[in-house]
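Q: sequence-free structure coming up:
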């Protein structure tokens, strides 16, 4: 990347262009907002580019460019204002990142983001890394024609059909049992390229966050165990006993391999399934990667001395990457827009008074003006001196708010 020699971008300095050291982010949602907060805490100025005039990150940034992600004039303005640029989500056009990288350090780079934008490329990447990490993805087949659907091996049925692009939080996914259902589901998905994954017996889900620098240095958070409800993350358990040590070590090694194989720079999250293979603890299967901070890492804001957003800033700006230390066990509860509506569909305010009276409760709301079912409005981190007290407080918070995901944990 030709722009890398401009690094490091030191906070509190003035750039060669005469403006204060400024970091930019493509995307203005909650991840961009928390990135902006982390950058500003270090003394950086920030610029957000997002098409939404009510961008949560745009509200708190020094500069806000309200335009499409592929708008040439907007990209030129972003490059002119910033000394380094990142992205808050994987569906920013890769070609826009390529254009920015011609003059500015961009982390993660377009090549890594392009892999995460396409499940077919992502599966191929995981297969290539499996020879080193020993952890591969679920058996799969590419479905890009009716002939491919008819030719899938019987072993892949039942399975989950997923669109190759633009699928997240359970969107663009259909469970199928038979070849006839596969053809019908592919037609319902408008016959776009898809992958069919074999349906595996699931024991648990987990994720790992790593940060990798321009110099190849890499640091990580311990793996966290996740609970999804209707395809959306509901709960993250972040403490030492959340999963068997051998699986945790294997997940961490696999994530490092996935980052290093593509020369990744920035914060990366890799999600895994723990499947029931007849062994005591099960086996790991890699599910997907997110080239950005991740919902399951939000606990780091209150339970660690360095958060995932701090490491995102450090990595893109070429600063040293400190190994984070988790000082408190934590549970993160995702807050969706459903909480703002009662059983009759009438809008109301959740009982924050009762929630904020709980010990170790850290409420993070994202500044979104309108609640909708399934929309991520905020999260609640629970920290404490020990795992048992954190679990007890999290159950109390979930009961107050009517949150799912903690019933069996």
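A: Happy to help now that I have it. Just so it is clear, the model here is predicted, and its values are computed rather than measured. Numbers count the residues shown, from 1 in each chain.
Q: so what's the residue count around the closest residue to residue 328 other than its chain neighbours?
A: Spatial nearest neighbour of residue 328, excluding adjacent residues (C-beta to C-beta, 6 or more residues apart in numbering): residue 383 at 4.1 Å. From N, CA and C alone the C-beta is placed, and that goes for glycine too. Residue 383 is flanked by 24 other residues according to other C-beta atoms under 10 Å.
Q: wait, what's in contact with residue 383?
A: By C-beta atoms under 8 Å, 6 or more residues apart in numbering, the contact set of residue 383 is 299, 302, 303, 328, 329, 330, 360, 362, 390.
Q: the first one contacts residue 239, doesn't it?
A: No. In this structure, residue 299 is not within contact of residue 239 by C-beta atoms under 8 Å, at 9.5 Å.
Q: what average pLDDT does the lengthiest helix in the chain get?
A: Longest helix in the chain, counting residues (DSSP state H): helix 245-261. Mean pLDDT, helix 245-261: 95.
Q: next, the buried residues of it.
A: Neighbour counts over helix 245-261 (16 or more other C-beta atoms under 10 Å) mark 247-248, 250-261 as buried.
Q: now the spatially most central residue of the chain: how far from residue 366?
A: The centre of the chain sits closest to residue 294, judged by C-alpha atoms, centre = their mean, with a distance of 2.7 Å. Relative to residue 366, residue 294 is positioned 15 Å away (C-beta to C-beta, to the nearest Å).
Q: before we move on, what about residue 339?
A: Using C-beta to C-beta, residue 339 is found at 13 Å from residue 366.
Q: overlap in contacts of the two?
A: Common neighbours of residue 339 and residue 366 are listed as residue 377 (criterion: C-beta under 8 Å, 6+ apart).
Q: circling back to that earlier point, farthest pair within the contacts of residue 383?
A: Greatest spatial distance among the contacts of residue 383 (C-beta to C-beta): 329 and 362, at 13.3 Å.
Q: just to revisit the earlier point, which neighbouring elements make contact with the longest helix of the chain?
A: helix 119-133, strand 202-212, strand 218-220, strand 266-275, strand 283-290 (3 or more C-beta pairs under 8 Å, 6 or more residues apart in numbering; DSSP states H and E).
Q: what's the closest of the ones you listed to residue 174?
A: Once the helices and strands packed on helix 245-261 are compared by C-beta to C-beta, helix 119-133 is nearest, at 13.7 Å.
Q: tell me how this protein divides into domains.
A: Residue ranges for each domain of the chain read 4-106, 139-198, 202-401, as given by automatic domain parsing.
Q: residue 95 contacts residue 114, correct?
A: No. Between residue 95 and residue 114 there is no contact under C-beta under 8 Å: 9.0 Å.
Q: those two: which is more packed in?
A: More crowded of residue 95 and residue 114, by other C-beta under 10 Å: residue 114, with 19 against 13.
Q: contacting residues for that one?
A: 94, 121.
Q: three-state assignment of it?
A: Following DSSP: H, G, I helix; E, B strand; the rest coil, residue 114 is assigned to helix.
Q: against residue 70, how distant is it?
A: For residue 114, the distance to residue 70 - C-beta to C-beta - is 14 Å.
Q: flag the shaky bits of the stretch 301-409 of the chain, pLDDT-wise.
A: Across the stretch 301-409 of the chain, residues meeting the criterion (pLDDT under 70) sit at 407-409.
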